[in-house]
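S.K.: Test case, fold it:
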Amino acid sequence: MSLTDVIEGTRQAVSADPANAAVSFTVDHQLVTGTQVDVKVRDHAFRVDEPAPLGGTDTAANPVEYALAALGSCQVITYQFWAAKLGVPLTSVKVTVEGDLDLHGFFGFNETRPGFTDVRVTVDLDGPATREAYEDLERQVDEHCPVLDLFRNPTPTKTALA
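M.R.: Purely as a prediction, here's the structure:
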């Protein structure tokens with residue numbers, strides 16, 4: 001099924017019933033040992049760990065690296081969807097995401113925010129379209145990328161002990 005078929009099918013389903021636009025995702029996490037965490041998403045599983053300088057065994061990427069990976073991969077996917085929707089031809093999409101973190105906040109050394117202090121996204125698009133078409137595509141992607149929205153805007157979040 002093409003991306004344009006997915007877009008049109010979703011548009012029709014949501015037009016028929018706006019409740020069809022609401023989706024939920026659940027991700028389960030279980031401590032293995034030290035800083036190793038097993039993660040289960042639907043029928044997929046992966047591990048999270050910290051690098052040795054942060055007390056881990058470096059068996060996998062750490063949580064903030066996965067956050068950057070989520071942003072970059074969401075950008076690539078959103079570029080694909082919006083290119084299809086706008087009819088902008090793309091030969092390739094490459095995204096690099098860099099993030100800076102100040103460990104003062106994570107370790108509680110001072111009142112520094114524990115999250116990223118700066119995130120930079122570099123997008124390399126290739127294809128036969130004009131520069132203006134790719135700039136319009138970038139605006140649409142930045143407006144509609146769900147993970148970019150998470151980075152740019154506060155999201156209501158509650159934590160509760162079971």
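S.K.: And the biggest helix by length in the chain, what's buried?
M.R.: Ranked by residue count under DSSP state H, the longest helix found in the chain is helix 63-86. Buried positions in helix 63-86, judged by neighbour count with 16 or more other C-beta atoms under 10 Å: 67-68, 71-72, 74-79, 81-85. Glycine gets a C-beta too; all of them are placed from N, C-alpha and C.
S.K.: Now for the protein, the helix or strand with the poorest mean pLDDT.
M.R.: helix 3-16 (a mean of 92; mean pLDDT, DSSP states H and E).
S.K.: List the contacts of it.
M.R.: 1, 20, 21, 80, 81, 84, 85 (C-beta atoms under 8 Å, 6 or more residues apart in numbering).
S.K.: same check, this time on stretch 139-155
M.R.: Outside stretch 139-155, the residues touching it (C-beta under 8 Å, 6+ apart) are 70, 71, 74, 75, 78, 79, 82, 85, 86, 116, 119, 121.
S.K.: quick one: contacts for the first one?
M.R.: Same thing as residue 70. Listed by C-beta under 8 Å, 6+ apart, the contact partners of residue 70 are residue 147.
S.K.: and the nearest residue to residue 52 once chain neighbours are set aside, how many neighbours?
M.R.: Once flanking residues are discounted, residue 52 sits nearest to residue 58: 5.4 Å by C-beta to C-beta, 6 or more residues apart in numbering. Counted with other C-beta atoms under 10 Å, the neighbours of residue 58 add up to 13.
S.K.: What confidence value was assigned to residue 58?
M.R.: On the pLDDT scale, residue 58 is placed at 97.
S.K.: for it, helix, strand, or coil?
M.R.: coil (DSSP: H, G, I helix; E, B strand; the rest coil).
S.K.: now do residue 98
M.R.: Under three-state DSSP, residue 98 comes out as strand.
S.K.: beta partners of it?
M.R.: Beta-bridge pairing of residue 98 under DSSP bridges involves residue 120.
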